[in-house]
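S.K.: need a 3D model of the following:
(one chain, ligands or ions: 1)
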Amino acid sequence: MEHADVIIVGSGHGGASAAIALRQQGFEGSVMMIGRENNLPYERPPLSKEYLAGTKPFERILIRPEAFWAERNVTLRLGNAVSAIDPMTKTVTLTDKSEVRYGSLIWSAGGNPRRMSCAGCDLEGIHTVRDLADADRMMAELEGGSRRAVVVGGGYIGLEAAAVLTKFECQVTLLEAQDRVLSRVAGEELSAFYEAEHSAHGADVRTGANVEAFEGEGVKVSGVKLASGEVIPADIVVVGIGIVPAIGPLIAAGAAGANGVEVDEYCLTSLEDVYAIGDCAAHANPYAGGAVIRLESVQNANDMAKVAASTIMGEGEPYSAFPWFWSNQYDLKLQTAGLSLDYDKAVTRGDPASRSFSVVYLKEGRVIAVDCVNSVKDYVQGRKLIEARAEPDTELLADAETPLKELL
Ligand code: FAD
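M.R.: Residues are numbered from 1 along each chain as shown. All right, here's what the predicted structure looks like:
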């Protein structure tokens, strides 16, 4: 039976970073990366941004050029998923029925897009955006002339997709079930700003809008029916309502977890020599006051990969990486630092109407997160306030003329 000293499951951000980190840290054993997709590891964020807009081709979103993997002696088994793990014999089974033994296993399988379960949800023309094939299918339909677009879900991916769709001159309706977009991840000021921006770009933004069913003509979607009874005509629908962690084989093998695989501060699961990283890893995060959460960000996948690699090398440092994230919509660059979960006060710096402003989130007087729109300076200096657990005067904080670094 084949053997690899380290098997990495998933060839996305976490998987690729784990292989890179192992080699950078001097790991000399055999490394095999098993990925369900056929493609070389690529960056996922452009799929709802520049790649979808057609301004960045696939070659430019590769995490590393093709030759890199062979040069670093990383064996790629692409187009093949891991369907089972036997933690006793330390063996994985692939969908092609082959088996490979591992010394250590790094599970970085991300998540699958959460799907709607209502009537008509399987009609053609209803898309999710998680991988390259999803984006390619959407782009082909847009090139084919689909112009009435409905986006279900006002999280970052839905909003980014909506922004790109307007570039294709689509008539966009954005449906969000909650009373504001971005309600899970940001404060009210930011939600109101993005709702106004999308409206100004011609999108019809509907909050408190619950989808009841999709209607079709033949096999193709033709409309989205709301709980109110209204039907919004649609040629193309994008559903961006989150992910379900891809952890089936791990849980079946006995790993602890439910919404994500539970890992400790070294990214170790409850199974011996099995690590989990990235979107699927539920961990106690110091920037969330120790709460067990999953983070869906490139930063988290990359930093957890480094922790798992260094633990395998016997030099593990506990995971304590600073959380950050970005989102590009239209000409707006949002940069987020820290985690705003459970904030009790939000202070806005600058005028949102100027399209350059920040929101600083505090908990019990301490700065825990910043959302900065077209405001790099506040982002850079805001990070320092979070790291220092600063307790600034909120009047000064609200004064955009006072640099954040002066409030340290
Ligand atoms: P992934 O990168 O999703 O990789 C998981 C891989 O595992 C996939 O290729 C999957 O096919 C494969 N896989 C699944 N099951 C198996 C199996 N059983 N066997 C083998 N392979 C398997 N983050 C940001 O920080 N900023 C952004 O602007 C941003 N934008 C985004 C836009 C989009 C459209 C998407 C989808 C995500 C975005 N993210 C963004 C999130 C970021 O891409 C993820 O957090 C990151 O990719 C997580 O890395 P991962 O390795 O955990 O999962």
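
S.K.: spit out the contact partners of the residue of the stretch 301-408 of the chain found nearest the ligand.
M.R.: Scanning the stretch 301-408 of the chain for the residue nearest the ligand gives A301, at 3.5 Å (criterion: Cβ to the nearest ligand atom). Where you see a C-beta, it was placed from the backbone N, CA and C, and this is true even at glycine. Applying Cβ atoms under 8 Å, 6 or more residues apart in numbering to A301 gives the contacts G12, H13, G14, S17, S108, I277, G278, D279.

S.K.: same check, this time on A346
M.R.: So A346 contacts G187, E188, E189, S340, V359, V360, Y361, L362 (Cβ under 8 Å, 6+ apart).

S.K.: look at it and report its pLDDT.
M.R.: If you check A346, the pLDDT there is 97.

S.K.: how about it, nearest residue that isn't a chain neighbour?
M.R.: Nearest residue to A346, sequence neighbours excluded (Cβ to Cβ, 6 or more residues apart in numbering): G187, at 4.2 Å.

S.K.: distance of R137 from E265?
M.R.: 39 Å (Cβ to Cβ, to the nearest Å).

S.K.: for stretch 244-259, what is the distance to the chain centroid?
M.R.: 19 Å (Cα atoms, centre = their mean, to the nearest Å).

S.K.: for the protein, which residues are neighbours of the ligand?
M.R.: 9-15, 34-37, 44-45, 47-48, 81-82, 108-110, 129-130, 157, 246, 278-280, 296-299, 301, 325-327 (Cβ under 6 Å from any ligand atom).

S.K.: go with 5 Å
M.R.: The chain comes close to the ligand at residues 9-10, 12-14, 35-37, 44-45, 47-48, 81-82, 108-110, 129-130, 157, 246, 278-279, 296-298, 301, 325, as judged by Cβ under 5 Å from any ligand atom.

S.K.: so how far is stretch 70-82 off the chain centroid?
M.R.: For stretch 70-82, the distance to the chain centre is 23 Å (Cα atoms, centre = their mean).

S.K.: S320: how many residues sit nearby?
M.R.: Neighbourhood size, S320 [other Cβ atoms under 10 Å]: 11.

S.K.: same question for A291.
M.R.: For A291, using other Cβ under 10 Å, the count is 13.

S.K.: please apply the same query to I34.
M.R.: Neighbours of I34 (other Cβ under 10 Å): 26.

S.K.: quick check: which element contains it?
M.R.: strand 31-35 (DSSP states H and E).

S.K.: next SSE after that strand?
M.R.: Immediately after strand 31-35, counting by DSSP H and E, sits helix 50-53.

S.K.: which other helices and strands does that next one contact?
M.R.: Judged by 3 or more Cβ pairs under 8 Å, 6 or more residues apart in numbering; DSSP states H and E, the packing partners of helix 50-53 are helix 132-143, helix 156-167.

S.K.: what does that helix contact?
M.R.: Outside helix 50-53, the residues that touch it by Cβ under 8 Å, 6+ apart are 46, 56-58, 61, 129, 132, 135, 138-139, 161, 164, 167.

S.K.: now the residue in the stretch 101-250 of the chain that the ligand sits nearest to, nearest residue through space, not along the chain?
M.R.: With Cβ to the nearest ligand atom, the shortest gap between the stretch 101-250 of the chain and the ligand falls at G110, namely 2.6 Å. What sits nearest to G110 in space, not counting adjacent residues and going by Cβ to Cβ, 6+ apart, is D279, at 4.6 Å.

S.K.: which residues does the one you found contact?
M.R.: Per Cβ under 8 Å, 6+ apart, neighbours of D279: G14, G110, G111, I243, P245, R294, L295, E296, N300, A301.

S.K.: can you rerun that using 10 Å?
M.R.: 10, 12-14, 44, 108-111, 243, 245-246, 260, 294-297, 300-301, 304 (Cβ atoms under 10 Å, 6 or more residues apart in numbering).

S.K.: biggest separation within the contacts of A301, which pair?
M.R.: Greatest spatial distance among the contacts of A301 (Cβ to Cβ): S17 and D279, at 12.7 Å.

S.K.: now the helices for the stretch 51-200 of the chain?
M.R.: 66-71, 132-143, 156-167, 188-200 (DSSP state H, counting those that start in this stretch).

S.K.: in what helix or strand does Y266 lie?
M.R.: Y266 belongs to no helix or strand when assigned by DSSP H and E.
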